[in-house]
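A.B. asks: Got a predicted structure plus its sequence, pasted below:
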Amino acid sequence: MAAVHFIEYQGLSILYTDLENATAEEALAVLAQSPALVAQQPKQSVYSLINVKGMRFNSQLVATGKEVTRQNKPYVLATAVYGLDGLLSYMVNSVLSFSGRSIRTFSSLPEAQDWLWHQQTEHETVPKLA
């Protein structure tokens, strides 16, 4: 069932958006929940993982994906997307090119989780400017 919630991976809190096999309508409902959940977090603190395996989409979902990506931008440090194929790859790449965010696509969940974990360790070792 499509949902958005926080999970933990090797001590890293990750916002997990599970859209596996979701219809466009189900995905729209889940995406509508994301900005409010993300906005509860400190800015530049969220690591996001999105499962789009087998998801169905339409033009409204593409537009909503772009809008949610824009709304979440101040809060999200990195996003990993996995489960892409065919037309779904086109839809996600459309959102990625629009976003201007650190977003990468992966073929599996473990690859995506590992990349996010490494992004977190990179952010911890980069000195903050005063």
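C.D. replies: Here it is on my side, so go on.
A.B. asks: Surely Tyr16 is within a strand?
C.D. replies: Yes: applying DSSP: H, G, I helix; E, B strand; the rest coil, one finds Tyr16 inside a strand.
A.B. asks: quick one: contacts for it?
C.D. replies: Neighbouring residues of Tyr16 by CB atoms under 8 Å, 6 or more residues apart in numbering: Val4, His5, Phe6, Ile7, Leu49, Ile50, Asn51. Bear in mind the C-beta positions are built from the backbone N, C-alpha and C, glycine included.
A.B. asks: Just confirm the fourth one contacts Ile14, I think it does.
C.D. replies: Translated: Ile7. Yes: with contact defined as CB atoms under 8 Å, Ile7 reaches Ile14; the gap is 5.3 Å.
A.B. asks: Looking at these two, which is more packed in?
C.D. replies: Just comparing Ile7 and Ile14: by other CB atoms under 10 Å the higher neighbour count belongs to Ile14, 23 against 12.
A.B. asks: Could you give the bridge partners of that one?
C.D. replies: Note on Ile14: beta-bridge partners Ile7, Tyr47, judged by DSSP bridges.
A.B. asks: Double-check it against Glu8; I have them as touching.
C.D. replies: Yes: in this structure, Ile14 is within contact of Glu8 by CB under 8 Å, at 7.1 Å.
A.B. asks: Strands of this protein, residue ranges please.
C.D. replies: Here the chain has its strands, by DSSP state E, at 3-9, 12-18, 46-51, 76-82, 103-106.
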